[in-house]
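**Student:** Here's a sequence, model it:
(2 chains)
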Amino acid sequence: MKIPAPIAMLAELTHRCPLSCPYCSNPIEMARQDSELDTQTWARVFDEAARLGVLQLHLSGGEPASRRDLIDLVSAARKAGLYTNLITSGIGLTERRLGDLDKAGLDHIQLSLQGTTPEMADEIGGYKGGYARKMQVAQWIGEIGFPLTLNAVLHRRNLHQLPRAIEMAQEMGARRIEVATVQFHGWALKNRDGLMPTREQAQTASRIVAEARAALKGQLVIDYVPADYHDDFPKRCMGGWGTTGLNVTPDGQVLPCHAAQTIPHLKFDRVHEKSLDDIWYNGSAFNAYRGTDWMQEPCKSCDRRLVDFGGCRCQAMALVGDASATDPVCVKSPHHGALQAQADTHASQTDAQLIYRVSPIQKVEPTS
Amino acid sequence: MPRGVRLHFDHVRDTWVLLAPERAVTLDGIGHAILNEVDGRRNFGDITAALSTKFGAPVEQIAQDSAEFLTALRNRRFLDVTE
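**Tutor:** Below you'll find the predicted structure:
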């Protein structure tokens, strides 16, 4: 199989974040601030990414606005020829900083939404005043004219707010909304009792999305990530391992997906030691689950093996203890029935408390 | 073409692509030719007439191809129509 060049790179600039969302997908063990790549190294990595074939750069975190050099990083990425997307909660962005990002050539902003009311959003984000700040930032984004995607993260506690989230996206002038049901990786695994949607909620969300897509065609594009555990076919994770995208951690490790560190036998190369090109084509972690040779039954002989590549490797690891196993979301997995029962059990824990993560720093003041 | 959508020549894959929020669309020669005519000023009839002259193809055929292509882009918000 010829290895295609990657299209997208997720640059996790920092794990620091003022929010402490209970579904955070960052690893349990976060990179410390003093291990973060500096501006020059990121600029070199952006250049290497563009030469490798990356078109889309997602600047993420943690909260990327926690990096004081964010403007310089955006300039460097644009200079490299990359389409730059800032994935942010809005906290840490001022009107002046947004103006500077505009001048630096930022192409697009994806703004997260923890809830459609201050009560819900601030409780989920664990940050008082966060919702009000976000609404202010959304207004500035609109005034500058940045293309905007609203990313509504949904789970059992706020799925009833989905219709309002779709309205809010239109009010903000967003062209896109991502309706993202929580995926359980990283810290989120600790909160399955508190966050797992019920099967009925998952079905209702799919219906609302289908209706909204029809009603808003040509006005608002809706990307939808359904509730995985309640599904019968697994997601085509990362568009196929090592085919489409790569992820660079705050301390410079290069991962095939953001959760890949949960697979204990994988070894990750670092941008300090090898070129991105070498890591993508020759790195052992990238080659571990490329193609279909690594598959077991029932994946190996399945006619969907090139459709979903057996689902998510990290989820197979987390739920079945074997990263080469069929993702148990799949109806053909021997663990599928157990997973569906487990999902219903998680979803019925109505008095479960949320377990909040504590970020390496507690609070970030907006920097001018 | 709205802000945040732009044409880009991809040297690695040796092709034109349309870059848009969280999407990249590979363009064939026809798609690239059509988008090259989209300037935010001329209307659909002017654009298809220009393409017809440029490529020596019947305007009806050009109009049909262009309409399908541009509608698909509009539905994805990669293209807006000004009044």
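**Student:** A:Pro147: what's it in contact with?
**Tutor:** A:107-109, A:175, B:2-5, B:21 (Cβ atoms under 8 Å, 6 or more residues apart in numbering or on different chains). Yep, even glycine has a C-beta here, placed from its N, CA and C like the rest.
**Student:** Around chain A, pick out the residues from chain B.
**Tutor:** By the rule Cβ under 8 Å from any Cβ of the partner chain, the part of chain B lying against chain A is B:2-6, B:8, B:10, B:12-13, B:17, B:19, B:21-24, B:74-77.
**Student:** Please repeat the previous calculation with a cut-off of 7 Å.
**Tutor:** B:2-4, B:10, B:12-13, B:17, B:19, B:21-22, B:24, B:74-77 (Cβ under 7 Å from any Cβ of the partner chain).
**Student:** Show me what the one helix or strand B:His8 maps to packs onto, helices and strands only.
**Tutor:** Per DSSP states H and E: B:His8 is located in strand B:6-10. For strand B:6-10, the packing partners by 3 or more Cβ pairs under 7 Å, 6 or more residues apart in numbering or on different chains; DSSP states H and E come out as strand B:15-20.
**Student:** gap between the strand it packs on and the chain center?
**Tutor:** Remark: strand B:15-20 is offset 11 Å from the chain centroid, using Cα atoms, centre = their mean, to the nearest Å.
**Student:** go on, stretch A:177-184?
**Tutor:** In terms of Cα atoms, centre = their mean, the centre of stretch A:177-184 is found 9 Å from the chain centre.
**Student:** Next, the residues that contact it from outside, please.
**Tutor:** Stretch A:177-184 has contacts (Cβ atoms under 7 Å, 6 or more residues apart in numbering or on different chains) with A:23, A:25, A:149-155, A:162, A:165-166, A:169, A:188, A:192, A:195, A:197, A:205, A:209, A:220, A:222-228.
**Student:** ok, now stretch B:14-29?
**Tutor:** A:7, A:55-56, A:83, A:85, A:108, A:147, A:149, A:175-176, B:4-10, B:32, B:35, B:78.
**Student:** From these, keep the buried residues only.
**Tutor:** A:7, A:55-56, A:83, A:85, A:108, A:147, A:149, A:175-176, B:4-5, B:8, B:10, B:32, B:35, B:78 (16 or more other Cβ atoms under 10 Å in any protein chain shown).
**Student:** Give me the subset of those that lies in strands.
**Tutor:** Judged by DSSP state E, these include A:56, A:83, A:85, A:108, A:149, A:176, B:8, B:10 as members of strands.
**Student:** Please convert the buried members of the residues of chain B next to chain A into ChimeraX selection syntax.
**Tutor:** Entered in ChimeraX, the line below selects the buried ones among the residues of chain B next to chain A, by 16+ other Cβ under 10 Å:
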select /B:4,10,17,19,21,22,24,76,77
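**Student:** Sort the residues of chain B next to chain A by pLDDT and name the bottom one.
**Tutor:** Across the residues of chain B next to chain A, the member with the lowest pLDDT is B:Glu22, scoring 88.
**Student:** roughly how far apart are whichever residue of the stretch 251-368 of chain A sits closest to chain B and B:Asp39?
**Tutor:** Closest contact between the stretch 251-368 of chain A and chain B, by Cβ to the nearest Cβ, is at A:Asp277 (10.5 Å). A:Asp277 sits 37 Å away from B:Asp39, going by Cβ to Cβ, to the nearest Å.
**Student:** I'd say A:Arg236 and A:Phe309 touch.
**Tutor:** Yes - taking contacts as Cβ atoms under 7 Å, A:Arg236 lies within contact range of A:Phe309: 6.3 Å.
**Student:** Give me the more crowded residue out of those two.
**Tutor:** Using other Cβ atoms under 10 Å in any protein chain shown as the criterion, A:Arg236 and A:Phe309 rank with A:Phe309 on top: 26 against 17.
**Student:** Phi, psi for that one please.
**Tutor:** phi 50, psi 30 (degrees, to the nearest 10).
**Student:** so who does it touch?
**Tutor:** For A:Phe309, the contacting residues are A:236, A:240-241, by Cβ under 7 Å, 6+ apart.
**Student:** Distance to A:Gln114 added to those, as CSV?
**Tutor:** Output for the contacts of A:Phe309, formatted as CSV (distance: Cβ to Cβ, whole Å):
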residue, distance to A:Gln114
A:Arg236, 27
A:Gly240, 30
A:Trp241, 30
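**Student:** Going by proximity to chain B, name the top residue of chain A.
**Tutor:** Closest point on chain A to chain B, by Cβ to the nearest Cβ, is A:Pro147, at 3.1 Å.
**Student:** Not counting sequence-adjacent ones, nearest residue to that residue?
**Tutor:** B:Gly4 (3.1 Å; Cβ to Cβ, 6 or more residues apart in numbering or on different chains).
**Student:** Cross-check the contact I'm expecting between the one you found and A:His108.
**Tutor:** Yes - B:Gly4 lies in contact with A:His108 (Cβ under 7 Å); the separation is 5.0 Å.
**Student:** Next secondary structure element downstream of whatever helix or strand A:Tyr224 lives in?
**Tutor:** Using DSSP H and E, the element containing A:Tyr224 is strand A:221-225. Downstream of strand A:221-225, the next assigned helix or strand under DSSP H and E is strand A:245-248.
**Student:** Show me what the very next helix or strand once past that following strand is packed up against.
**Tutor:** Next in sequence after strand A:245-248, counting helices and strands by DSSP H and E, comes strand A:254-255. Strand A:254-255 sits against strand A:245-248, with contacts defined as 3+ Cβ pairs under 7 Å, 6+ apart.
**Student:** Now do the strand it packs on: distance to the chain's middle.
**Tutor:** With Cα atoms, centre = their mean, you get 11 Å for strand A:245-248.
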